[in-house]
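In: turn this into a model:
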Amino acid sequence: MVTAEAYLSRGVSPTKDDVKAAVSKQDQGLFPGSFCKIIEDPAGDPEWCAAFHADGAGTKSSLAYLMYSETSDPSWFRGIAQDSLVMNTDDLVAIGAIGPFFLSNTIGRNAHRIPGQILKEIISGYDEVIANFADYGVEIIMTGGETADVGDLVRTVICDCTLMTRLPRNRVINSANIIPGLDIVGLASTGQTTYEKHENSGISSNGLTAARHLLLDHSYAKQYPESYSETVPEDKVYVGSYRLEDQLPGSNLSIGQALLSPTRSYLPPVIAMLDQHREDIRAIIHCTGGGQVKCIDFSRGIRYVKNNLFPIPPLFKAILDTGEVEAKEMYQIFNMGHRIELYCRPQISSALIEIAASFNLEARIIGHTESCAGNRNEVQINDFSWTKLQD
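Out: Below is the predicted model of the structure:
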């Protein structure tokens, strides 16, 4: 079993082994082994299929709460809507879905701490990111949502959403089709693409519980006890040395800006890649929960050799430099420099990299796949390795 103690000790699992066990007996849908569950088309067309997907910004909203509390600026919550939405869109593009997407959002808040002006920023954030997607040909239809006052359950605010989409069955990308001999092309999580307004730290919406507790100064625990769970051991709460306004070493961003950097969507470049090279793209992995080890859950008898990763981005290096988390654990918690992987035939790798470059998005061949003996998968990153038996 893959574990990550820096995360587990704070009440969160990066790999969610218990969740996977709980759903292991459920029907896997039309394409077992795909990145998302795919079901029959609700419209009844036998040549089409559909997917519903739910996800959210996670504990990143707690960071927005800290920034809001420190600055009195509710606009820090605007990016949380993008985090919530992109965690869905970019899981769905991993099955080849390119829209239209139908969106419903859910906000659960403690009304004593989250006033209407914050709700307005979150909802405006959805409108803004939907409009930005439309500029690049991605259609997202907001169908409505729910805002619940659940102060007995929520300390600050939770921002989640659900997307639904349809796609032709012959256009599905199935991660069960990963085979030996493929290149792995990684798309960087840092920098600033043509469709982003600001530099991106690469943090996305995974590992934020570990990131904020490992980086931020313990004074925040005393100032804002509502920003974390009382079940977290005292010696695990905000054990870092940084204030939110401090400069992130090696970056133009402050610690607060870097931690709240909106989750990058890869839809514009990946749609262009699928449009030109879908037949030669065997799989797409969205390196979210589980980080660089996410791929270990897909296909069978595969060794994922990742021997040319991007340099570790400044934010992840700052977390590593705290000395509170082992380097091997970092690869299980964070994306460490790229969040989308395309598994493709080697002859198209350079073409995918060129398409990414047209969006000012860095891409590179970060590794390849090999055959692995037995019913198991392996991941190799530098001197680290992970093994998982497949049923």
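
In: what ranges do the strands span in the stretch 101-250 of the chain?
Out: 101-109, 140-149, 157-168, 183-188 (DSSP state E, counting those that start in this stretch).

In: so in this protein, where's the weakest helix or strand by average pLDDT?
Out: Lowest on mean pLDDT, DSSP states H and E among the helices and strands of the chain sits helix 5-8, with a mean of 58.

In: ok so, going back, deepest-packed of the strands of the stretch 101-250 of the chain, please.
Out: strand 183-188 (a mean of 25; mean count of other Cβ atoms under 10 Å). To be clear about C-beta, it is placed using only N, CA and C from the backbone, and glycine gets the same treatment.

In: now that strand: how far from the chain's centre is it?
Out: 15 Å (Cα atoms, centre = their mean, to the nearest Å).

In: tell me what that strand is packed against?
Out: strand 338-344, helix 349-358, strand 363-371 (3 or more Cβ pairs under 8 Å, 6 or more residues apart in numbering; DSSP states H and E).

In: name the residues that touch the longest one?
Out: Contact partners of helix 349-358, identified using Cβ atoms under 8 Å, 6 or more residues apart in numbering, comprise 183, 185, 187, 194, 269, 272-273, 276-277, 342, 344, 362-365.

In: if any of those are buried, put those into a PyMOL selection.
Out: Buried residues within the contacts of helix 349-358, by 16 or more other Cβ atoms under 10 Å, are selected in PyMOL with:
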select buried, resi 183+185+187+269+272+273+277+342+344+362+363+364+365
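
In: in the contacts of helix 349-358, find the pair that's most separated.
Out: Pairwise distances across the contacts of helix 349-358 (Cβ to Cβ) peak at 24.5 Å, for the pair Asp183 and Thr194.

In: need the contact partners of stretch 308-317.
Out: 186, 188-190, 201-203, 211, 248-251, 258-259, 292, 320, 330, 334, 336-338, 362, 364-367, 381-382.

In: what are the buried residues along it?
Out: Leu309, Phe310, Ile312, Pro313, Pro314, Leu315, Phe316, Lys317.

In: first-to-last residue distance for that stretch?
Out: The straight-line separation of the ends of stretch 308-317 (Cα to Cα, to the nearest Å) is 17 Å.

In: what does stretch 263-272 contact?
Out: 57, 82-83, 86-87, 89-90, 93, 98, 133, 136-138, 187, 189, 193, 195-196, 200, 202-205, 284, 339-340, 342, 355-356, 358-359, 361.

In: next one: it to chain centre, how far?
Out: Centroid separation between stretch 263-272 and its chain, computed with Cα atoms, centre = their mean, is 13 Å.

In: sorry, back to before: quick one: which of the contacts of helix 349-358 is nearest Ser104?
Out: For the contacts of helix 349-358, the nearest to Ser104 is Pro269 (26.4 Å; Cβ to Cβ).

In: give the helix, strand or coil label for the closest one.
Out: helix (DSSP: H, G, I helix; E, B strand; the rest coil).

In: can you pull out the helices in the stretch 251-391 of the chain?
Out: 255-259, 267-277, 314-321, 327-333, 349-358 (DSSP state H, counting those that start in this stretch).

In: hey, which of those helices is tucked in deepest?
Out: The most buried one of the helices of the stretch 251-391 of the chain (mean count of other Cβ under 10 Å) is helix 255-259, showing a mean of 24.

In: count the neighbours of Ser69 for me.
Out: 18 (other Cβ atoms under 10 Å).

In: ditto for Gln347
Out: Gln347 has 10 nearby residues by other Cβ under 10 Å.

In: and the pLDDT at it?
Out: Listed pLDDT for Gln347 reads 98.

In: now do the longest helix anywhere in the chain and helix 267-277, the angle between them.
Out: If you go by DSSP state H, the chain has its longest helix at helix 116-135. Compare the direction of helix 116-135 with that of helix 267-277 by axes from the mean of the first three to the mean of the last three Cα atoms, to 10 degrees and you get 20 degrees.

In: CA-only coordinates of helix 116-135, as PDB, when you get a sec.
Out: Written as PDB, here are the backbone C-alpha positions of helix 116-135 (Å, rounded to 0.1, in the frame of the first residue of the first chain):
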ATOM      1  CA  GLY A 116     -22.300  37.100   1.000                       C
ATOM      2  CA  GLN A 117     -19.500  39.000  -0.600                       C
ATOM      3  CA  ILE A 118     -17.400  35.900  -0.600                       C
ATOM      4  CA  LEU A 119     -20.200  33.900  -2.200                       C
ATOM      5  CA  LYS A 120     -20.400  36.600  -4.800                       C
ATOM      6  CA  GLU A 121     -16.700  36.200  -5.600                       C
ATOM      7  CA  ILE A 122     -16.900  32.400  -5.900                       C
ATOM      8  CA  ILE A 123     -19.900  32.600  -8.200                       C
ATOM      9  CA  SER A 124     -18.300  35.400 -10.300                       C
ATOM     10  CA  GLY A 125     -15.200  33.200 -10.400                       C
ATOM     11  CA  TYR A 126     -17.200  30.500 -12.100                       C
ATOM     12  CA  ASP A 127     -18.500  33.000 -14.700                       C
ATOM     13  CA  GLU A 128     -15.100  34.300 -15.400                       C
ATOM     14  CA  VAL A 129     -13.400  30.900 -16.000                       C
ATOM     15  CA  ILE A 130     -16.300  29.700 -18.100                       C
ATOM     16  CA  ALA A 131     -15.900  32.800 -20.300                       C
ATOM     17  CA  ASN A 132     -12.200  32.200 -20.500                       C
ATOM     18  CA  PHE A 133     -12.800  28.600 -21.600                       C
ATOM     19  CA  ALA A 134     -15.300  29.900 -24.300                       C
ATOM     20  CA  ASP A 135     -12.500  32.000 -25.800                       C
END
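
In: circling back: among the helices and strands packed on strand 183-188, which is nearest Ser62?
Out: Taking those one by one with Cβ to Cβ, strand 338-344 is closest: 21.1 Å.
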